[in-house]
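>>> one predicted model, sequence on top.
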Amino acid sequence: MSLMDKIKEKAKSVSKNIVLPEGNEPRTIEAAAKIAEQGIAHVILLGDEKEIEAANTKHVDLSKATIINPATSPKLDEYAEMFYEMRKSKGITLEQAKETCKDTLYYAVLMIKSNDADGMVSGAVHSTGDTLRPALQVIKTKPGVSIVSSSFIMEHPDSKWGDDGVMVFADCAINIDPNADELAAIAIASADTAKTLAGIEPRVAMLSFSTKNSAKHPHVDKVVEATKIARELAPELSIDGELQADAALIEAVGQLKSPGSKVAGRANVLIFPDIQAGNIGYKLVQRLGGAEAIGPVSQGLARPVNDLSRGCSVEDIVSVVAITAVQAQSF
């Protein structure tokens, strides 16, 4: 059984309510029917009922999904009042709050804030910024977490890498050039993703083009400082850095360059120094190495909200909903 199949099975067992704000988008509609049919989650589609019906060109069965039109919902005034209280210091009026809450993305995160839903998946037609902005305003980050980040769970066909081929790569999609504090937060959040979703005990490598001061450069200094901060914030974690990729992955190289390390040569969580390295790295492993890339998985929010690629397939939406449902179990 693949890791994604295991995640779907776990999602079925936890039975969470996942809201899809892009309810009138054809792939989302088809995915909602599949999710309901497979019992992965209870799906809530947001949008005008007639628009959803018109967009359901494949005539899939939506009888098991809940459809809500934010503009006519009996919860609209309650959510608007909640949003107004959150944002009135920013100058928003109650009437403006009500209009904002008619937006399906804002309505979705307010459902989560009110415990009327457990998580959200969006991005088939919205940008990452559009998806995450309402979440940051309403749901915010976890206590003690300073940054929202992303990771990919990589499942490689060669079991010698990571834990039986499973690894976590971060940050590959959100933070362009994190500073040392942010990089440390990404490392800790990625370790949590490794446990919660991938089901592996994290061994975190902070990657660089240098291993243990083999090179001198401010880029190296950032990774060294991030490693120190992460160790102080999460002393229970197995974390080492700065490490080159071969030192992180190949035992003979790791033990030569970082003797006695519990991580070097055995890493299963790779933290890249910036988004260029992370995005290039995961795509090389996916395309040249034949790994399955599951994600991106959002990390650090107080409740789970995940962002899709606008080129996503129906199956991608199904998979990300399953991931979101499993994440919701830990909140």
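Yep, it's here.

>>> which residues touch residue 143?
residue 302 (CB atoms under 8 Å, 6 or more residues apart in numbering). No exception for glycine: its C-beta is placed from N, CA and C like everyone else's.

>>> that one and residue 302: what is the separation?
8 Å (CB to CB, to the nearest Å).

>>> with residue 248 instead?
31 Å.

>>> more neighbours: those two, which one.
The neighbour count for residue 248 versus residue 302, taken as other CB atoms under 10 Å, is higher for residue 248 (31 against 16).

>>> where do the strands of this structure begin and end?
17-20, 42-46, 66-68, 119-122, 149-155, 166-170, 203-207, 238-243, 269-271, 292-299, 305-307 (DSSP state E).

>>> who are the packing partners of the last one?
Helices and strands in packing contact with strand 305-307 are listed as strand 119-122, helix 128-138, strand 292-299, helix 314-328; criterion 3 or more CB pairs under 8 Å, 6 or more residues apart in numbering; DSSP states H and E.

>>> need those in TSV with distance to residue 157, can you?
Converted to TSV, the helices and strands packed on strand 305-307 look like this (distance: least, CB to CB, whole Å):
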stretch	distance to residue 157
strand 119-122	27
helix 128-138	29
strand 292-299	9
helix 314-328	18
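
>>> format these as TSV; extra columns: mean pLDDT, distance to residue 65 and mean neighbour count.
Listed next are those as TSV, based on pLDDT from 0 to 100; distance: least, CB to CB, whole Å; neighbours: other CB atoms under 10 Å:
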stretch	mean pLDDT	distance to residue 65	mean neighbour count
strand 119-122	97	13	31
helix 128-138	93	20	19
strand 292-299	90	23	24
helix 314-328	95	12	24
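
>>> among those, which is nearest residue 192?
For the helices and strands packed on strand 305-307, proximity to residue 192 was assessed by CB to CB; strand 292-299 is nearest, at 7.2 Å.

>>> how far does the closest one sit from its chain's centre?
Put simply, strand 292-299 sits 6 Å off its chain's centre (CA atoms, centre = their mean, to the nearest Å).

>>> for that strand, give me every contacting residue.
Strand 292-299 has contacts (CB under 8 Å, 6+ apart) with 2-4, 7, 132, 148-155, 170, 172-174, 186, 189-190, 192-193, 197, 282-283, 285-286, 304-307, 319-320, 323, 327.

>>> what about the helices in the stretch 1-150 of the chain?
Taking DSSP state H, counting those that start in this stretch to define them, one finds helices in the stretch 1-150 of the chain at 3-14, 26-38, 49-55, 76-87, 94-101, 104-113, 128-138.

>>> could those helices go into CSV alongside distance to residue 269?
As requested, the helices of the stretch 1-150 of the chain are exported to CSV (distance: least, CB to CB, whole Å):
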stretch, distance to residue 269
helix 3-14, 15
helix 26-38, 29
helix 49-55, 39
helix 76-87, 34
helix 94-101, 38
helix 104-113, 27
helix 128-138, 22
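
>>> any idea which of those helices is most buried?
helix 104-113 (a mean of 26; mean count of other CB atoms under 10 Å).

>>> could you give the angle of that helix to helix 94-101?
Going by axes from the mean of the first three to the mean of the last three CA atoms, to 10 degrees, helix 104-113 is angled at 100 degrees with respect to helix 94-101.
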